[in-house]
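Trainee: with the input below, show me the fold.
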Amino acid sequence: MATTKADVMEWVETQLAQDARLRKQVELRLNELRLEQQLAALREARGLSQRQVARLVGVSQPAIAKLESGTVKNLQLKTLVRMVTALGGRLQVEIVPPSHAKGGTRRGLMRPGRR
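Mentor: Residues are numbered from 1 along each chain as shown. All right, here's what the predicted structure looks like:
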């Protein structure tokens, strides 16, 4: 039996729908990958090498390589801000509340305008 890309994607979607823990882990990793890709793309768009960015940020070239490859553990926000700023970018942090199936509020959370 031949397996197509569509078959694999359907299986993955089913697994994610059935396993909330797996879904959360996948979402977390995808967000990390997006960040790494955006940093590398911003550096490349500026025509800078990792070594040049390292000098601008005040870190080593291997530190930039680790940051772009996702091997940095516990990336500090201030490091991220320094790198993005050195590349002429702007960092935007967004907190998005979880979506709920029925659109209700989560117990224990206050609705806007209420105390």
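
Trainee: quick one: secondary structure of the residue nearest the centre of the chain?
Mentor: Nearest to the geometric centre of the chain sits Asn31, at 2.6 Å (CA atoms, centre = their mean). Secondary structure, DSSP: H, G, I helix; E, B strand; the rest coil: Asn31 is helix.

Trainee: quick one: residues contacting it.
Mentor: Asn31 sits next to no residue when contact means CB atoms under 8 Å, 6 or more residues apart in numbering. Using the backbone N, CA and C atoms, a C-beta is placed for each residue, glycine as well.

Trainee: quick one: it from Arg55, how far?
Mentor: For Asn31, the distance to Arg55 equals 28 Å [CB to CB, to the nearest Å].

Trainee: again with Val8
Mentor: Distance, Val8 to Arg55, by CB to CB: 43 Å.

Trainee: ok now the helix or strand bottoming out on mean pLDDT in the chain, how far from the chain's centre?
Mentor: The weakest-scoring helix or strand in the chain, judged by mean pLDDT, DSSP states H and E, is helix 20-45 (a mean of 84). Helix 20-45 has its C-alpha centroid displaced from the chain centroid by 3 Å (CA atoms, centre = their mean, to the nearest Å).
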